[in-house]
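Visitor: Okay, here's the prediction I keep looking at, along with the sequence it came from:
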There are 2 protein chains.
Amino acid sequence: MSPYDPSAYPPFAVTVDLVVLTVRRHALCALVVRRGEPPFQGRWALPGGFVRGDEDLSAAAARELTEETGLCAQDPAATAPAPGNGAHLEQLATYGDPRRDPRMRVVSVAHLALAPDLPAPRAGGDAHSARWAPVEDLLSQDGGFGREDEQPAPLAFDHAQILADGVERARSKIEYSSLATAFCPAEFTVGELRRVYEAVWGVALDPRNFHRKVTGTPGFLVPAGGTTTRQGGRPAQLFRAGGATLLNPPMLRPEV
Amino acid sequence: MSPYDPSAYPPFAVTVDLVVLTVRRHALCALVVRRGEPPFQGRWALPGGFVRGDEDLSAAAARELTEETGLCAQDPAATAPAPGNGAHLEQLATYGDPRRDPRMRVVSVAHLALAPDLPAPRAGGDAHSARWAPVEDLLSQDGGFGREDEQPAPLAFDHAQILADGVERARSKIEYSSLATAFCPAEFTVGELRRVYEAVWGVALDPRNFHRKVTGTPGFLVPAGGTTTRQGGRPAQLFRAGGATLLNPPMLRPEV
DNA sequence: ACAAAAGTGTTATAACTACACCCATGA
DNA sequence: TCATGGGTGTAGTTATAACACTTTTGT
């Protein structure tokens, strides 16, 4: 590396942006906040903020996640899912185009969070308002708010690209890991887990084969003991996430 | 996000570090350069450097790659492999622990490059000397230079972690993509491609099943027309990388 | 002739797809 | 009694692992 004279390198701002995904009403949704100031004033954006001087990148992402949602980042080393409001959090990718922010050079380290369905987004910190929006709407040409009572604009900055990358990461990662359980509450049924896969992938899965597959994969699910009938029909067994993180063989999404 | 007052955020330096991998003499090797100044003076490190003020992250990584090796980053949108010295280049991950550099806050966006076997590393730019070292040696406890005529020290900074992450990315990515061909010259035999897989994964593969698998995957390999006998034995057909980037079904590495 | 590497055939097993069928509840 | 979702059985298909065998060169 070159010498470390502070004048020898250009000034950078480093931020973290969050792709927070959840499944609500059979749809994959992302958390977006409305910008209160220029540029892109009034437009929707991913939550995020500056990394502090003494803070690791993952710590900054966890802090922003808690500020925006009240969720706690789940320790990847923990053997069991965190009790209460735990969410999966991992680094996604870094975006540093010199013109991605019109005012200054900002490098953003995007993170991906997967959360169970929450009561309501909490507009904390410096976010003026927040909402869960279906990613399908956010990534369509007009930003999914094409009706007269909403903003017809796509996401601010390069956040549409970041969101698309985060969604693709989530879609591929639930194939070979047990991460889909991060979208579920602590106890859930096989049918609820299947509806998570169907919402994230946007496909319909065979309930019979899905049931055999997930219950037959060692370590994926462990019985929680009870049953529930909240979906109607025959009562279903309740499960918790097992200790396995990697699925072998994987859950492959249908090709066509 | 918070206001963009320049005094409101701490000063960051942003660098790119490169994990450049190749296969030499049946071993997966990484490019390392010897540091000429403190800290870690005399120790081996990954090549890298500062991102310039008007430069995208991928452009900075491509520039460093060319400076250190003479390789050109291959356009991912290109349909055919670049003629001549083309290498695969992709973003790996970003490392930003506040104490990863003892002197200042440096956030490093690591990139992964996969290159065919090159004549010799070229110590260009500010690198005083450069070499290809087996990753197995670099990642062992003593840095793989435990003999009296070499440095018994592991890699500088957190570069051992970055290298380990890059190697794991390469190992998993050749499973489901055609990236293993990036380690091969423009024309190569099935046996040469198999030795790439064996070196990267550190396992022995069945030559018969491997041959059937890769030649049967549509778009992976296209015949180049000739044969070669440079490996001894019966002449082998020469192939080029086909247009396919994703392998379906994947090449799975043996479990045990 | 022999070694070495390329390439083909065959068989057993594992995993997936598709779908018939039964089970247990609420309305 | 019927609709709804939960759960099991089974047959056909695809992919893989293991290994016998033939082919084509250099020495």
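Guide: Ah, there it is. Numbers count the residues shown, from 1 in each chain, chains lettered A, B, ... in the order given.

Visitor: How many residues are close by the closest residue to A:Arg43 other than its chain neighbours?
Guide: The shortest distance from A:Arg43 to any non-neighbouring residue, by CB to CB, 6 or more residues apart in numbering or on different chains, is to A:Ala156 (4.5 Å). Backbone N, C-alpha and C define where each C-beta goes, glycine included. A:Ala156 has 21 neighbours, counted by other CB atoms under 10 Å in any protein chain shown.

Visitor: quick one, phi/psi of A:Ala156?
Guide: phi -70, psi 160 (degrees, to the nearest 10).

Visitor: How about the contacts made by it?
Guide: Contact analysis of A:Ala156 by CB atoms under 8 Å, 6 or more residues apart in numbering or on different chains lists A:35, A:39-40, A:43-45.

Visitor: residue boundaries of the helices in the stretch 101-250 of chain A?
Guide: A:135-139, A:159-176, A:190-201, A:207-216 (DSSP state H, counting those that start in this stretch).

Visitor: Briefly note if the third one comes near DNA strand C.
Guide: No - using CB under 7 Å from any atom of the strand, no contact is recorded between helix A:190-201 and DNA strand C, whose separation bottoms out at 11.8 Å.

Visitor: If you count contacts, what does that helix end up packed against?
Guide: strand A:13-24, strand A:27-34, helix A:159-176, helix A:207-216, strand A:236-241 (3 or more CB pairs under 8 Å, 6 or more residues apart in numbering or on different chains; DSSP states H and E).

Visitor: Relative to A:Ser108, which of the helices of the stretch 101-250 of chain A is closest?
Guide: Closest of the helices of the stretch 101-250 of chain A to A:Ser108 is helix A:159-176, at 7.6 Å (criterion: CB to CB).

Visitor: host element of A:Glu255?
Guide: Using DSSP states H and E, A:Glu255 sits within no helix or strand.

Visitor: Just the pLDDT for it.
Guide: Among the per-residue scores, A:Glu255 holds a pLDDT of 81.

Visitor: That one - how many residues pack around it?
Guide: For A:Glu255, using other CB under 10 Å, the count is 6.

Visitor: For it, give me its contacts.
Guide: Residues near A:Glu255 by CB under 8 Å, 6+ apart: B:Asn248.

Visitor: ok, now A:Ala244?
Guide: Taking CB under 8 Å, 6+ apart, one finds A:178, A:217-220 in contact with A:Ala244.

Visitor: between the residues you listed, which is closest to chain B?
Guide: A:Pro218 (13.5 Å; CB to the nearest CB).

Visitor: In space, what's closest to the closest one - neighbours in sequence excluded?
Guide: Per CB to CB, 6+ apart, closest to A:Pro218 is A:Ala244, 6.8 Å.

Visitor: ok, that neighbour to A:Ser178 distance?
Guide: Noted for A:Ala244: a distance of 6 Å to A:Ser178, by CB to CB, to the nearest Å.

Visitor: Name the residues contacting each of these two.
Guide: With CB under 8 Å, 6+ apart, A:Ala244 and A:Ser178 have common neighbours A:219-220.

Visitor: pLDDT weak spots in the stretch 101-250 of chain A?
Guide: Within the stretch 101-250 of chain A, the ranges that satisfy pLDDT under 70 run A:119-128, A:141-153.

Visitor: Number of residues surrounding the residue in it that DNA strand C sits nearest to?
Guide: When scored by CB to the nearest atom of the strand, the stretch 101-250 of chain A has A:Arg234 as its residue closest to DNA strand C, at 3.2 Å. Counted with other CB under 10 Å, the neighbours of A:Arg234 add up to 7.

Visitor: now the end-to-end length of stretch A:101-118.
Guide: 31 Å (CA to CA, to the nearest Å).

Visitor: Buried ones in that stretch, by neighbour count?
Guide: A:101, A:105-116, A:118 (16 or more other CB atoms under 10 Å in any protein chain shown).

Visitor: wait, what's in contact with A:Ala133?
Guide: A:Ala133 makes contacts with A:29-30, A:32, A:44, A:144, as judged by CB under 8 Å, 6+ apart.

Visitor: Identify the bridge partners of it.
Guide: A:Ala30 (DSSP bridges).

Visitor: Near chain B, list only the ones from the buried residues of stretch A:101-118.
Guide: Filtering the buried residues of stretch A:101-118 for proximity to chain B by CB under 8 Å from any CB of the partner chain leaves A:101, A:105, A:107, A:109.

Visitor: how about a markdown table for the residues you listed, with distance to A:Gly202 added?
Guide: Formatted as a markdown table, these follow (distance: CB to CB, whole Å):
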| residue | distance to A:Gly202 |
| --- | --- |
| A:Asp101 | 32 |
| A:Arg105 | 37 |
| A:Val107 | 32 |
| A:Val109 | 28 |
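
Visitor: Show me the residues you listed that map onto strands.
Guide: A:107, A:109 (DSSP state E).

Visitor: which bits of the stretch 101-250 of chain A sit near DNA strand D?
Guide: Near DNA strand D, when you scan the stretch 101-250 of chain A using CB under 7 Å from any atom of the strand, you find A:189-192, A:207-209, A:211-212, A:215, A:227, A:231-237.

Visitor: Buried subset of those residues as a ChimeraX selection?
Guide: Those of those that count as buried under 16+ other CB under 10 Å are selected in ChimeraX with:
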select /A:189,190,191,192,211,236,237
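
Visitor: Could you find the closest non-adjacent residue to the closest residue to chain B within the stretch 51-200 of chain A?
Guide: Scanning the stretch 51-200 of chain A for the residue nearest chain B gives A:Gly53, at 3.5 Å (criterion: CB to the nearest CB). Nearest residue to A:Gly53, sequence neighbours excluded (CB to CB, 6+ apart): B:Pro10, at 3.5 Å.
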